[in-house]
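Enquirer: Need coordinates for the following:
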Amino acid sequence: MALGGLSTGDLTLLACRLIVWERWAQTGGVLVGVRYSRSTAVEAAPMQQETILFNSQTNSFCVLNPSAAVIWNGLEAPQDAVALASRVCQAFDGITEEQARRDVEHALKEFVSLSLIHVEN
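Expert: Below you'll find the predicted structure:
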């Protein structure tokens, strides 16, 4: 029996999406164990100490500082936030794991809000 025209499969998918969004909210917008990948609509160009991104879908540019560029470069293949934080720690002397995690979380939130990356299920 369908509820409101929704099949059992639709209801299961909806329940899974609600759980994912609940986890998203509980972690401040970064899902632990979830992988992030670059949008295919985004082109990157290194420029001195920064990286410039162009999103052809939104016709917008974004300038990344060196730490955001390390995170972006880490997304050459889909990655989770923990792996990206490890890359940041390796790239910069004196950064703690906690600071790297916060930097990665902030960058990922911004990247998602600007449609530069996708959250993979």
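Enquirer: Strands along the chain, start to end?
Expert: 35-38, 42-47, 50-55, 60-64, 79-80, 117-120 (DSSP state E).
Enquirer: can you put the ones you listed in CSV and add mean neighbour count and distance to Glu105?
Expert: For the C-beta atoms, the positions are set from N, CA and C on the backbone; glycine is no exception. Output for the strands of the chain, formatted as CSV (neighbours: other Cβ atoms under 10 Å; distance: least, Cβ to Cβ, whole Å):
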stretch, mean neighbour count, distance to Glu105
strand 35-38, 18, 11
strand 42-47, 14, 20
strand 50-55, 16, 19
strand 60-64, 15, 16
strand 79-80, 19, 12
strand 117-120, 16, 13
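Enquirer: Mean pLDDT and distance to Gln99 for these - can I get that in TSV?
Expert: Putting these into TSV (pLDDT from 0 to 100; distance: least, Cβ to Cβ, whole Å) gives the following:
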stretch	mean pLDDT	distance to Gln99
strand 35-38	94	19
strand 42-47	94	24
strand 50-55	93	20
strand 60-64	93	18
strand 79-80	93	18
strand 117-120	90	21
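Enquirer: Which among those is found nearest to Glu110?
Expert: strand 60-64 (8.5 Å; Cβ to Cβ).
Enquirer: what angle sits between that closest one and strand 50-55?
Expert: 160 degrees (axes from the mean of the first three to the mean of the last three Cα atoms, to 10 degrees).
Enquirer: what lines up beside strand 60-64 in the sheet?
Expert: strand 50-55 (antiparallel) (DSSP bridges).
Enquirer: what residues does the strand it pairs with touch?
Expert: By Cβ atoms under 8 Å, 6 or more residues apart in numbering, the surrounding residues in contact with strand 50-55 are 39, 41-46, 60-66, 68-69, 72-73, 114-116.
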